[in-house]
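S.K.: Here you go, sequence then predicted model.
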Amino acid sequence: MRGDERICGFGFGSASGQGSGQGSGRGHPALRDPWQAAFDLGEGVVMAVLTRTIGPAYRLAGAAMAIGAGDEVAGAITSGCVEADLVLQAAKLRQTDGVMRLQYGEGSPYFDLKLPCGGGIEVMLFAVQDRALLAELQARRHARDSLSLLVSPQGRLALGPYQPTGPERGAASDGARAFAIGFRPALRHVVFGAGPEAVAFAALAQAGGAGVVLASHDGATLAAAQEGGLPCRDLSGLAGLDEIALDARTAVTLFYHDHDVEPEILSRVLPSPAFYIGAQGSRAAQAERLARLAEIGIPVEERQRLRGPIGLIHSTRDPHSLAVSVLAEITALAAETQAGAPTGGAFPAPQTDEA
């Protein structure tokens, strides 16, 4: 997102709307972005990376936890089963700057550390030596690039083209393979609208950790958004539409009661790669909307991309209920397409070649 976005403080979510949507600051440690924290915590950081799961597991391969020199943590490997032991192991590792490979659960020598799921996990611990590369990683994530972080068997880091999380494809020069953690841009919501529905939806999406920007020509809506700490764009006269970048990890929603402003917005949005485009309104409003788009020459294949009525709960009129309904629909579609799957963070999603 480019341009002049105004952001005011709020007690939840990611104000930047970039990266993983999981800040490295306040909140539950497991929800913090471990790779951002690995840079923020300074010297002495040890990273724990889940490299393999055996049977059922609470986290997926690629989950990570940053452990600071003062035992601060960000991210998670399990639901709390082994994190305390990892902090102890990290303290030992700092004396060597080497690499540890630990196994918990099934097949582990640590019989007193049980995994309730009944499976097993393999975890790699290594001291962070490449802070400059971590800064580059965060810059690339902020720019919404798709890429991989490669962790060598010696714990050194490198960046490469995106590949699914798992052992690096092809053999490394020394005959060993690095472990690749795939990063794709996090789910982002671009919300167009005027009135309480737009504000309620944007606030809920931001509270869920997604990047959000609310674009409106309505002064009262912008004022409410700013008061709630939402990133917003002034669309007075619908200027600046072309400055709002939309990618395949973006969901676009329109919340208007006055539908006259919609055709110009949709004419810019429908050709974009956004994975979800939907507009508030009844079936009759949707039929009229599609007819107007046809009149101005929007191709049928683009008109077919427009969802409406939106939301999983039919005929919802309360702004907060509508927000929940629409966000649930988008989240479900994101899970099906992996468009909104968090990657490379505390909760990485399964990565496939088709993702």
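M.R.: Nice, thanks for sending it over.
S.K.: quick one: terminal-to-terminal distance for stretch 145-165?
M.R.: The first and final residues of stretch 145-165 sit 16 Å from each other (C-alpha to C-alpha, to the nearest Å).
S.K.: in that stretch, what counts as buried?
M.R.: 146-153, 155, 157, 163-165 (16 or more other C-beta atoms under 10 Å). Backbone N, C-alpha and C define where each C-beta goes, glycine included.
S.K.: How about stretch 82-101?
M.R.: By neighbour count on 16+ other C-beta under 10 Å, the buried set for stretch 82-101 is 82, 83, 86, 87, 89, 90, 93, 99, 100.
S.K.: what's the answer for stretch 317-327, then?
M.R.: Neighbour-count burial for stretch 317-327, counted by 16+ other C-beta under 10 Å, picks out 319, 322, 323, 324, 325, 326, 327.
S.K.: What of stretch 285-296?
M.R.: For stretch 285-296, a neighbour-count test (16+ other C-beta under 10 Å) marks 285, 286, 289, 290, 293 as buried.
S.K.: tell me the contacts of the third one?
M.R.: Counting by C-beta atoms under 8 Å, 6 or more residues apart in numbering, residue 289 touches 259, 262, 263, 266, 279, 281, 306, 308.
S.K.: repeat that with 7 Å
M.R.: For residue 289, the contacting residues are 259, 262, 279, 281, 308, by C-beta atoms under 7 Å, 6 or more residues apart in numbering.
S.K.: Against residue 37, how distant is the spatially closest residue to the last one that is not a sequence neighbour?
M.R.: Okay, so that is residue 308. Take residue 308 and drop its neighbours on the chain: the residue closest to it by C-beta to C-beta, 6 or more residues apart in numbering is residue 286, 3.7 Å away. Going from residue 286 to residue 37 by C-beta to C-beta, to the nearest Å gives 44 Å.
S.K.: For the protein, identify the residue most remote from the centre.
M.R.: Relative to the mean C-alpha coordinate of the chain, counting by C-alpha atoms, centre = their mean, the farthest residue is residue 295 (37.1 Å).
S.K.: Buried residues of stretch 242-256, list them for me.
M.R.: Within stretch 242-256, the residues scored as buried using 16+ other C-beta under 10 Å are 244, 246, 249, 250, 251, 252, 253, 254, 255, 256.
S.K.: for the buried residues of stretch 317-327, which one is nearest residue 124?
M.R.: Among those, residue 327 lies closest to residue 124 (C-beta to C-beta), at 35.3 Å.
S.K.: Relative to the whole chain's centre, how far out is the helix or strand harbouring the closest one?
M.R.: Following DSSP states H and E, one finds residue 327 within helix 319-337. How far helix 319-337 lies from its chain's middle: 15 Å, per C-alpha atoms, centre = their mean, to the nearest Å.
S.K.: other SSEs contacting it?
M.R.: Contact here means 3 or more C-beta pairs under 7 Å, 6 or more residues apart in numbering; DSSP states H and E; on that basis helix 319-337 packs against helix 196-207.
S.K.: Try it again at 8 Å.
M.R.: helix 196-207, strand 250-255, strand 276-279 (3 or more C-beta pairs under 8 Å, 6 or more residues apart in numbering; DSSP states H and E).
S.K.: out of the ones you listed, nearest to residue 178?
M.R.: Once the helices and strands packed on helix 319-337 are compared by C-beta to C-beta, strand 250-255 is nearest, at 30.5 Å.
S.K.: who touches residue 327 in this structure?
M.R.: Residue 327 is in contact with 201, 204, 205, 208, counting by C-beta under 8 Å, 6+ apart.
S.K.: Please name the nearest non-neighbouring residue to the third one.
M.R.: Closest residue in space to residue 205, ignoring its immediate chain neighbours: residue 189 at 4.5 Å, by C-beta to C-beta, 6+ apart.
S.K.: so that neighbour is in which element?
M.R.: Assigning secondary structure by DSSP H and E places residue 189 in strand 188-193.
S.K.: Likewise for residue 150?
M.R.: If you go by DSSP H and E, residue 150 is part of strand 147-151.
S.K.: May I see the buried residues of the strand or helix carrying residue 262?
M.R.: Assigned by DSSP H and E, residue 262 falls within helix 262-269. For helix 262-269, a neighbour-count test (16+ other C-beta under 10 Å) marks 262, 265, 266, 269 as buried.
S.K.: The last one and residue 33: what is the separation?
M.R.: When you say that, I think you mean residue 269. With distances taken as C-beta to C-beta, residue 269 is found 29 Å from residue 33.
S.K.: Then the first one?
M.R.: Between residue 262 and residue 33 the computed distance is 36 Å (C-beta to C-beta).
S.K.: again with residue 309
M.R.: Counting by C-beta to C-beta, the gap from residue 309 to residue 33 is 35 Å.
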